[in-house]
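Asks: please find the sequence and the predicted model below.
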Amino acid sequence: MKIPATVITGFLGAGKTTLIRHMLENADGKRIALIINEFGDLGIDRAMLAGCGIEGCEDDNIMELANGCICCTVADDFLPTMEALLDRENPPEHIVIETSGLALPKPLVQAFSWPEIKSRVTVDGVVTVVDAPAVDAGRFADDPDAVQDARQEDEMLDHESPLEEVFEDQLLSADLVLLNKSDMLDDAAMAGVRLIVEKEIDPAAKIIAINHGNIDIKILLGIGAAVEDVIEQRKSHHDGEDGHDHDDFDSFVVELGDVSNPDELENTLKTLTTDHDILRIKGFLNVPGKDMRHVVQGVGPRLQRYFDRPWRDDEARRSELVIIGETGLDVAAIRSVLAG
């Protein structure tokens, strides 16, 4: 019997890691292996899950591909990782793959047809997590009103921004779309988001509105779509290309040292996000006098901060942030403000 695998995709900051954490907390003893792929130089998503104390979330069940683009290096990194999982004496009952927020799902799913794993694994489903407030704000088009006008005038016009392209490709591959953070919008706004998403997805795909990644694990891991057998019929902006590069996006890591005033840093980050159109900020802070690690997560102008767990004795207390934006970020200027 083939081991089911679920691909969880979604744009930067949509809530994929929160969804996975909820899944692990409600796994009821099911042996789940995680493969995590990140865009950026700091293993934030893995660090947020590893050592979290959730049963079944031991470090050796979380494998990281830190190349930033799982869809581009399938043969080099992904296939050996999958084979290592499958060859374990006690293999997982389900494999969950969290892609980078900039990865395209289709090339990854196509890799499940490779002879090395085709007879042993099936893609149970592609789950796309959507940041509903970001869609409502028109985040995935450079100028949402202008794009809509262009569509009405000429449906063949190539108007798409890199943000919109990646977002639409993630929707085109989906079996299940989760409209996350729905509590932040009223009913009318959510209806508008649903209409936008419905235009892009396969008619058979399901849409569910959720908050904080909260969904019944039986729905999440029981789709049974065998996606590897139908993925060729699902359209993509990058069909016929050898791969998808991320030259449209930049990321860099900032080391801050101890942060004695997180509130002040938050205000600085919000200003930088507005001034430089930063897409995503994520990382950890060491706050002097506090034994807990302080998490920072930002999506556009929305920023979250919280203490997640005590610092371990075997880890360095550092403050590091990954900052991601479209190509052309003024890295020097951002670093200068944060250094001040």
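Replies: Cool, the structure landed. Residues are numbered from 1 along each chain as shown.
Asks: unless I'm mixing things up, residue 319 is touching residue 261, no?
Replies: No. Using Cβ atoms under 8 Å, residue 319 is not in contact with residue 261; the gap is 11.9 Å. C-beta here means a position set from N, CA and C on the backbone, and glycine is covered the same way.
Asks: which of the two has more neighbours?
Replies: Counting neighbours by other Cβ atoms under 10 Å for residue 319 and for residue 261 shows that residue 319 has the greater number, 20 against 10.
Asks: mind checking how far that one is from residue 12?
Replies: For residue 319, the distance to residue 12 equals 21 Å [Cβ to Cβ, to the nearest Å].
Asks: now residue 122
Replies: 28 Å.
Asks: check which helix or strand covers residue 108.
Replies: helix 105-110 (DSSP states H and E).
Asks: I meant residue 138, not that one.
Replies: Judged by DSSP H and E, residue 138 forms part of no helix or strand.
Asks: how about the closest residue to residue 235 other than its chain neighbours, what does it touch?
Replies: Nearest-residue entry for residue 235: residue 172, 5.5 Å, with adjacent residues in sequence omitted and distances by Cβ to Cβ, 6 or more residues apart in numbering. With contact taken as Cβ atoms under 8 Å, 6 or more residues apart in numbering, residue 172 is in contact with 106, 200-202, 234-236.
Asks: from the residues you listed, which land in helices?
Replies: residue 106 (DSSP state H).
Asks: which of the contacts of residue 172 count as buried?
Replies: 106, 200-202, 234, 236 (16 or more other Cβ atoms under 10 Å).
Asks: which SS class is residue 20?
Replies: helix (DSSP: H, G, I helix; E, B strand; the rest coil).
Asks: list the contacts of it.
Replies: Going by Cβ under 8 Å, 6+ apart, the list of residues near residue 20 reads 8, 34, 49, 96, 98, 213.
Asks: for the second one, helix, strand, or coil?
Replies: Pointing back at residue 34 there. strand.
Asks: from memory it sits against residue 94, does it?
Replies: No. Taking Cβ under 8 Å as the definition, residue 34 is not a contact partner of residue 94, at 9.9 Å.
Asks: higher neighbour count, these two?
Replies: residue 34 (25 against 20).
Asks: centre of the chain versus stretch 97-108, how much separation?
Replies: Relative to its chain's centre, stretch 97-108 lies at 8 Å (Cα atoms, centre = their mean, to the nearest Å).
Asks: quick one: end-to-end distance for that stretch.
Replies: With Cα to Cα, to the nearest Å as the measure, stretch 97-108 spans 10 Å from end to end.
Asks: what mean pLDDT does it get?
Replies: For stretch 97-108, mean pLDDT is 80.
Asks: pull out the buried residues from it.
Replies: 97-108.
Asks: who touches residue 286 in this structure?
Replies: Per Cβ under 8 Å, 6+ apart, neighbours of residue 286: 258-259, 293-294, 311, 317-319.
Asks: of these, which is the most crowded?
Replies: Busiest of the contacts of residue 286 [other Cβ under 10 Å] is residue 293, holding 22 neighbours.
Asks: can you name the residues bridging to that one?
Replies: Beta-bridge partners of residue 293, counted by DSSP bridges, are residue 309.
Asks: ok, it touching residue 262?
Replies: No. Counting by Cβ under 8 Å, residue 293 sits too far from residue 262 to count as a contact (12.0 Å).
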